[in-house]
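Chemist: predicted model, plus sequence, below.
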Amino acid sequence: MSQPGFRQIQFNLSGLGCWLTLLGFLWLLGAVGLGWIVKSLAVIVVLILLIPVFAFVGARFWLKRNLIQADCPVCTTPLTGLKDAATQCPNCGTLLTTTAKGFQRPAEEGTIDITAVDVVDITADTLTLDVPPTLPEGQQD
């Protein structure tokens, strides 16, 4: 078996050349006085990394303040809409406007909007009073 000679020893420095070129370029810029270019590139890289984070946080803050979740006043279907915007209920098709409290049906001037209430029929047979009877004045036991 032969020993490797000087010509057979090889180093793999393929990635080192790129880094040495970059380091030399940065050293040259610093020596010439163009370090502001390097600082500007660093600021741009930082901005590129931070802008999506600020956009995400800002969008969540805006949605938290402007997204309204409530029930339709007509059919009680759960709805989601933006504050001060018009929305149509997908279940009943009623056009609704959103307020800070929930959804409202827009009404023309002079229209009174009422809410129907279930009325239970109570007859005298089912009615009981827990009030003790009193005698009219002037009568005594």
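Modeler: Okay, I see it.

Chemist: now do stretch 87-107: distance to the chain's middle.
Modeler: On the basis of C-alpha atoms, centre = their mean, to the nearest Å, stretch 87-107 sits 20 Å off its chain's mean C-alpha point.

Chemist: quick one: buried residues of that stretch?
Modeler: 87, 89, 94, 96, 98, 103 (16 or more other C-beta atoms under 10 Å). Bear in mind the C-beta positions are built from the backbone N, C-alpha and C, glycine included.

Chemist: excluding chain neighbours, what is closest to the first one?
Modeler: Right, residue 87. Computed as C-beta to C-beta, 6 or more residues apart in numbering, the closest residue to residue 87 that is not its neighbour in sequence is residue 81, at 4.0 Å.

Chemist: wait, a helix at that neighbour?
Modeler: No: going by DSSP: H, G, I helix; E, B strand; the rest coil, the assignment for residue 81 is strand, not a helix.

Chemist: would you agree it is in contact with residue 66?
Modeler: No: assessed by C-beta atoms under 8 Å, residue 81 is found out of contact with residue 66, at 9.5 Å.

Chemist: who's more crowded, those two?
Modeler: residue 81 (20 against 14; other C-beta atoms under 10 Å).

Chemist: and the pLDDT at that one?
Modeler: According to the prediction, residue 81 has pLDDT 87.

Chemist: start at 38, not 1
Modeler: All right, first residue 38 from here; so that's residue 118.

Chemist: and the gap between residue 97 and residue 139?
Modeler: Distance, residue 97 to residue 139, using C-beta to C-beta, to the nearest Å: 22 Å.

Chemist: from residue 96, how far out is the residue nearest to residue 124?
Modeler: Distance of residue 118 to residue 96, given as C-beta to C-beta: 17 Å.

Chemist: and if you look at residue 74?
Modeler: Separation of residue 74 from residue 96 (C-beta to C-beta): 33 Å.

Chemist: ok, and the closest non-adjacent residue to residue 150?
Modeler: Closest to residue 150 by C-beta to C-beta, 6+ apart is residue 144, at 5.3 Å.

Chemist: same for the host helix or strand of residue 66, what does it pack against?
Modeler: Per DSSP states H and E, residue 66 falls inside helix 51-69. Contact analysis of helix 51-69 by 3 or more C-beta pairs under 8 Å, 6 or more residues apart in numbering; DSSP states H and E lists helix 72-103 as its packing neighbours.
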